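Asks: no FASTA, just this:
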């Protein structure tokens, strides 16, 4: 569903996100478009929650990836220049926010 060249470093997510079209489990809910897929595995095990998502989102808001059985996420990129990826780690009374730019993503065109 996505290129293997997705990279997260220096406050940026780079690589190519594919355009999904037609009827499938993702587009039937969120519509056709470019989707970023990420697998999460390296977080503080003592964190209460690890919330992830795009800001602004397509209505889903942030999801707790730690509570998700497969720890994977699919995020619709509607405007790579105005959206950013958000990670919010909640541990006791402490909350840490980290933001990643999407501006350097390559978004496939429809029909590619």
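Replies: Looks like it arrived, so ask away. Nothing here was measured: the structure is a model prediction, and the numbers come from that model. Numbers count the residues shown, from 1 in each chain.
Asks: Can you name the residues that contact residue 10?
Replies: Listed by Cβ atoms under 8 Å, 6 or more residues apart in numbering, residue 10 has no contact partners. C-beta here means a position set from N, CA and C on the backbone, and glycine is covered the same way.
Asks: backbone phi and psi for residue 29, please?
Replies: Dihedral pair for residue 29: phi -100, psi -50, per degrees, to the nearest 10.
Asks: who's in contact with it?
Replies: Counted by Cβ under 8 Å, 6+ apart, residue 29 has zero contacts.
Asks: how about the strands in this structure?
Replies: 7-9, 12-17, 19-20, 33-39, 49-55, 63-64, 72-77, 84-91, 94-101, 105-107 (DSSP state E).
Asks: For residue 27, find the nearest of these.
Replies: strand 19-20 (5.4 Å; Cβ to Cβ).
Asks: Now do that closest one: which elements does it pack against?
Replies: With contacts taken as 3 or more Cβ pairs under 8 Å, 6 or more residues apart in numbering; DSSP states H and E, strand 19-20 sits against strand 33-39.
Asks: outside of stretch 53-69, which residues touch it?
Replies: With Cβ under 8 Å, 6+ apart as the criterion, stretch 53-69 contacts 30, 36, 40, 43, 47, 49-52, 71-73, 75-78, 82-86, 88, 99, 102.
Asks: Quick check: PyMOL command selecting the buried ones in these.
Replies: Buried subset of the contacts of stretch 53-69, written as a PyMOL selection, criterion 16 or more other Cβ atoms under 10 Å:
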select buried, resi 30+36+47+49+50+51+52+73+75+76+77+78+83+84+85+86+88+102
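Asks: give me the low-pLDDT residue ranges for this protein?
Replies: Low-confidence segments of the chain, defined by pLDDT under 70, are located at 1-4, 111-112.
Asks: Using CSV, lay out the strands of the chain together with distance to residue 26.
Replies: Compiled in CSV, the strands of the chain are given as follows (distance: least, Cβ to Cβ, whole Å):
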stretch, distance to residue 26
strand 7-9, 21
strand 12-17, 12
strand 19-20, 6
strand 33-39, 6
strand 49-55, 14
strand 63-64, 15
strand 72-77, 6
strand 84-91, 18
strand 94-101, 21
strand 105-107, 15
